[in-house]
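> Provided below are the primary sequence and the corresponding predicted coordinates.
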Amino acid sequence: MDDNARIDILLKEYETLRTEIISRTQSRFAITSIAAGAVALAFSAGSTLGSPWLFLILTSLAAALLWARLGGLIRRASEGLHRVEEKVNEIAGEELLVWEHRAREPWWRLFSG
C-alpha cells in the first residue's frame with residue numbers, strides 16, 4: 001500500500017474520531033440541560049414530591065456519572081486523534097495535523113480556553 005492510501009485511511013479514522021468527540025460533547029450539554037430541568041422540577045413540585053432532596057441527590061449522582069463516562073470517552077477519542085496525527089505526520093514527513101499535539105502543550109491550554 002502506498003503512502004497516499006495509508007494517509008487516506010488514517011484521515012477517515014481521524015474524521016470519525018472528531019465526529020465522536022463532537023457527539024459526546026453535545027451529549028454532555030444535553031445532560032446539563034436535563035439536570036437543570038430536574039432541579040427546577042424538584043423545587044417547583046417539592047410539595048407534591050415531599051422532600052426534593054432525595055430526588056436532587058439521585059439526579060445529580062446520575063448526571064455526574066454520565067458526565068464522567070462521556071468525559072472518559074472523549075479523552076479516549078482524543079488519544080486516538082493524537083495517535084492518528086503522529087502516524088499521518090510520520091508518513092508525510094512533516095507536521096500536517098497538529099490540533100491534539102498543540103492541545104496537550106501547557107502554553108496552548110492557557111490561550112485556547
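Structure received.

> which secondary structure elements does the helix or strand containing Ile22 contact?
In the assignment (DSSP states H and E), Ile22 maps to helix 3-44. Packed against helix 3-44 by the contact rule (3 or more Cβ pairs under 8 Å, 6 or more residues apart in numbering; DSSP states H and E) you find helix 52-92. Using the backbone N, CA and C atoms, a C-beta is placed for each residue, glycine as well.

> where's the most centrally placed residue in the chain relative to Leu54, distance?
With distances taken as Cα atoms, centre = their mean, Ile74 lies nearest the centre of the chain, 3.4 Å away. For Ile74, the distance to Leu54 equals 30 Å [Cβ to Cβ, to the nearest Å].

> same deal with Arg83?
To Leu54, Arg83 is 44 Å away according to Cβ to Cβ.

> who's more crowded, the two?
Arg83 (15 against 11; other Cβ atoms under 10 Å).

> Done for today, thanks.
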